[in-house]
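Colleague: Build me a structure from this.
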Amino acid sequence: MLKDLFGKKKRYVTIPSEETKQDIPEGLMKKCEKCYKIYYRKEMNKSLNVCPSCGHHHQLNAWERIHSLFDENTFEEWDQQLISTNPLGFPDYIEKLEKDRVKTGLNEGVVTGKGLIDGQATAFSVMDASFRMGSMGSVIGEKIARAVEHAREQSLPFIIFTASGGARMQEGVLSLMQMSKTSVAINRFSQEGGLMISVMTHPTTGGVSASFASLGDYNFAEPGALIGFAGRRIIEQTTREKLPDDFQTAEFLFKHGQLDRVVHRHDLKPLLATILKMHQKGGAHQ
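Modeller: Residues are numbered from 1 along each chain as shown. You can find the predicted model right below:
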């Protein structure tokens, strides 16, 4: 019949065979979390995990961040051996820490050390949200405080990259104590003329946002980063007010004077190098 010849044909979706799927290496592609476009992972890595289409800043782990900023072969790590214990006897805590060590290759959720950025020496701490959501426990606080002390003793500037879900509940008040410990170390560093640059990345929340993340001489953030203390829903329930759509974003904080600048990841290294040169003491190499 004519309708069989000229009627609309059904459209079928081709489903790759299992053999074809096996030919595609796992992790070859990456989908943007914002615009959902798919790219080769190598292309995203080359762009420092910034979407080539919409500019969304995906998270970097600690070592990706370090390699993107520091001059080759100038990095020296501090206090790598420090690991968390289970002071409160929290069930399964040690097992969860071990799983994260295997998954991330880190002993804890922060890497500290010193290196050169465009020839300028600096101490630094880089938090990694893939380790226990970057939650701040005793070891993270201790490593950051020690890094600040090393910077003070060696007359180095200090840069911190924050990424955290807040305090680590498995360590209770011992976790909350890290807010004051790190803040005291930074205050002593500042009193002696030390330069601190804080770069807040997604997410920077809870006790981290309420302590060392906000204590820089320069406070920067990456585009779209979530920055705040309490969650949006809790604030709305407490204040009984509807919050703006962009509330607790880097752009919102900048608009209200709580940040010095929102910095695209591709512009971050030259900006940091410029600031370090402006404040250098006794020459570039230390």
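Colleague: ranges for the helices of the stretch 151-286 of the chain?
Modeller: Secondary structure of the stretch 151-286 of the chain (DSSP state H, counting those that start in this stretch): helices at 172-191, 206-209, 232-239, 250-255, 265-279.
Colleague: swap that for the stretch 1-150 of the chain, please
Modeller: 2-6, 18-23, 41-46, 62-69, 93-104, 138-153.
Colleague: With mean neighbour count added, can I get the helices of the stretch 151-286 of the chain in CSV?
Modeller: No exception for glycine: its C-beta is placed from N, CA and C like everyone else's. Output for these, formatted as CSV (neighbours: other CB atoms under 10 Å):
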stretch, mean neighbour count
helix 172-191, 17
helix 206-209, 25
helix 232-239, 11
helix 250-255, 18
helix 265-279, 16
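Colleague: between the helices of the stretch 1-150 of the chain, which gets nearest to Ala273?
Modeller: When these are compared by CB to CB, helix 62-69 sits nearest Ala273, at 9.2 Å.
Colleague: angle of that closest one against helix 93-104?
Modeller: Per axes from the mean of the first three to the mean of the last three CA atoms, to 10 degrees, the angle that helix 62-69 makes with helix 93-104 is 40 degrees.
Colleague: so how far is stretch 186-200 from its chain's centroid?
Modeller: On the basis of CA atoms, centre = their mean, to the nearest Å, the separation between the geometric centre of stretch 186-200 and that of its chain is 19 Å.
Colleague: Over to stretch 58-78?
Modeller: Between the centre of stretch 58-78 and the centre of its host chain there is 12 Å, according to CA atoms, centre = their mean.
Colleague: now stretch 181-192
Modeller: 22 Å.
Colleague: ok so, going back, the helices of the stretch 151-286 of the chain: lowest mean pLDDT?
Modeller: When the helices of the stretch 151-286 of the chain are ranked by mean pLDDT, helix 232-239 comes last with a mean of 89.
Colleague: Let me know which of the helices of the stretch 1-150 of the chain is tucked in deepest.
Modeller: Comparing those by mean neighbour count (mean count of other CB atoms under 10 Å), helix 138-153 ranks first with a mean of 22.
Colleague: closest to Ser138 out of the helices of the stretch 151-286 of the chain?
Modeller: Using CB to CB as the criterion, the shortest distance between Ser138 and the helices of the stretch 151-286 of the chain is 5.2 Å, found for helix 172-191.
Colleague: If anything else comes up later, I'll come back, but that's it for now.
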